[in-house]
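> what follows is a protein structure lacking sequence information:
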């Protein structure tokens, strides 16, 4: 039977590795989006194939896929059953936290991967258009092709602006996720302290009862003094 703390350390190691790889993958995509998107730049990139660092992107993508699969298997087949066997609520909260992290990082990776796919399709389109334009030899066809490319550039600029807004929203989401993780960590600490001190509630209840008894005694003494005073004055 595997110890929960050992599995937790393994999950934390995978989580940090996955966050690092997804962050590098997003930085690579951000660098790609900030490149010049003019018509000449796109045509040159399509001809040379230099716009996308294919080997680096593929290596990161494969590493992220492996780490996502490893973390998912660890949570589902080992960490969650270990938390159920322990019967501790803080262990269940940790499993829930790891599942949320896995869900968020998977979403971030899928969105970034979609940006790479759109960029590749864009370059393939311009590469095909450039080849067709070079072989036509007609001025009218060249002008029409240039017009279509300019329209395509305008559309890409709009897509780029939308991508910038999405990136800002992703950063805000990341900040909110970090704050949520901090709050869940505080909650887990409180639960752990409560579970480690099972007699805390009983001690508080005893203090409340003793205080109530003291209040009754003081009230009785005051009432006795009032009655004695009245008897002395009017008796």
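The structure has been received and is ready for your questions. None of these values were measured; they are calculated from a predicted model.
> hey, where'd the helices end up in this protein?
4-33, 39-48, 54-74, 80-86, 89-136, 139-196, 200-234 (DSSP state H).
> need those helices in a markdown table (columns: mean neighbour count and mean pLDDT).
All C-beta atoms are positioned from the backbone trio N, CA, C, and that covers glycine. Formatted as a markdown table, these follow (neighbours: other C-beta atoms under 10 Å; pLDDT from 0 to 100):
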| stretch | mean neighbour count | mean pLDDT |
| --- | --- | --- |
| helix 4-33 | 16 | 88 |
| helix 39-48 | 16 | 49 |
| helix 54-74 | 15 | 90 |
| helix 80-86 | 16 | 89 |
| helix 89-136 | 16 | 77 |
| helix 139-196 | 12 | 71 |
| helix 200-234 | 10 | 80 |
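> shouldn't residue 170 be in contact with residue 110?
No: under the criterion of C-beta atoms under 8 Å, residue 170 is not in contact with residue 110, lying 11.8 Å apart.
> contact partners for the residue most central in space within the chain?
Closest residue to the average C-alpha location of the chain: residue 104 at 4.1 Å, with C-alpha atoms, centre = their mean. Residue 104 makes contact with 173, 177, according to C-beta atoms under 8 Å, 6 or more residues apart in numbering.
> what about 10 Å?
Applying C-beta atoms under 10 Å, 6 or more residues apart in numbering, we find residue 104 in contact with 19, 22, 173, 174, 177, 180, 181.
> how much space separates residue 221 from residue 214?
11 Å (C-beta to C-beta, to the nearest Å).
> go on, residue 204?
16 Å.
> same check on residue 159?
73 Å.
> for residue 79, same thing?
50 Å.
> and what of residue 29?
68 Å.
> and for residue 100?
Residue 100 is 48 Å from residue 214, by C-beta to C-beta.
> same question for residue 108.
59 Å.
> what's the answer for residue 114, then?
69 Å.
> for residue 180, list the residues it contacts.
97, 100, 104.
> which single one of those is nearest to residue 151?
When the contacts of residue 180 are compared for distance to residue 151 (C-beta to C-beta), residue 104 wins out at 36.9 Å.
> hmm, back to that, report the two of the contacts of residue 104 separated the most.
22 and 180 (17.5 Å).
> which residues sit in contact with the closest residue to residue 167 other than its chain neighbours?
Leaving out its chain neighbours, the residue that sits closest to residue 167 by C-beta to C-beta, 6 or more residues apart in numbering is residue 30, at 7.0 Å. By C-beta under 10 Å, 6+ apart, residue 30 lies in contact with 112, 115, 163, 164, 167.
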